[in-house]
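In: for reference, the sequence and a predicted model appear below.
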Amino acid sequence: MEGTSLAIAVALAWAFFRVLSRPDYMPDRPSAIRLFLLALGLDVAWCWLFFAGRHPTVALAAAAALAGLVPVTGWRFAAVDRRAGFLLVPWALAAAFAFLLDLSIALRNG
């Protein structure tokens, strides 16, 4: 599992670098950067709520927001750099998996 996490982290870093390397005057670049940073913060919050805080029902809201925000971020990245958008696909799949995992745990725990 560590290899998968590392691969996603490298893909995120590469995608973010590609977007940051584009010219400042591109109209979608600032919103893509803001969405990425928001999604990254939400991902950290979900990890803390789910694993350290042990609050699966509260983490479920963060996971739902993350599962919706990452594809939007990928779409914005693709508007700036097509390859950068594709590099976020594994993160979108991992966010969807995290949401489903969290949902099943929250439903079992009531």
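Out: Sure, I can see it. Residues are numbered from 1 along each chain as shown.
In: buried residues in the worst-scoring helix or strand of the chain on mean pLDDT, which are they?
Out: In the chain, no helix or strand scores lower on mean pLDDT, DSSP states H and E than helix 2-20, which sits at a mean of 91. In terms of neighbour count (16 or more other Cβ atoms under 10 Å), helix 2-20 has its buried residues at Ile8, Ala11, Leu12, Ala15, Phe16, Arg18, Val19. Any C-beta I mention is one placed from the backbone N, CA and C, and that applies to glycine too.
In: ok, stretch 57-64 next?
Out: For stretch 57-64, by 16+ other Cβ under 10 Å, it's Val58, Ala59, Leu60, Ala62, Ala63, Ala64.
In: extract the C-alpha set from it and format it as PDB.
Out: Extracted C-alpha coordinates of stretch 57-64, given in PDB (Å, rounded to 0.1, in the frame of the first residue of the first chain):
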ATOM      1  CA  THR A  57     -19.100  10.100  10.700                       C
ATOM      2  CA  VAL A  58     -17.500  13.500  10.800                       C
ATOM      3  CA  ALA A  59     -14.800  12.300   8.300                       C
ATOM      4  CA  LEU A  60     -17.600  11.200   6.000                       C
ATOM      5  CA  ALA A  61     -18.500  14.800   5.300                       C
ATOM      6  CA  ALA A  62     -14.900  15.600   4.400                       C
ATOM      7  CA  ALA A  63     -14.600  12.500   2.300                       C
ATOM      8  CA  ALA A  64     -17.700  13.400   0.400                       C
END
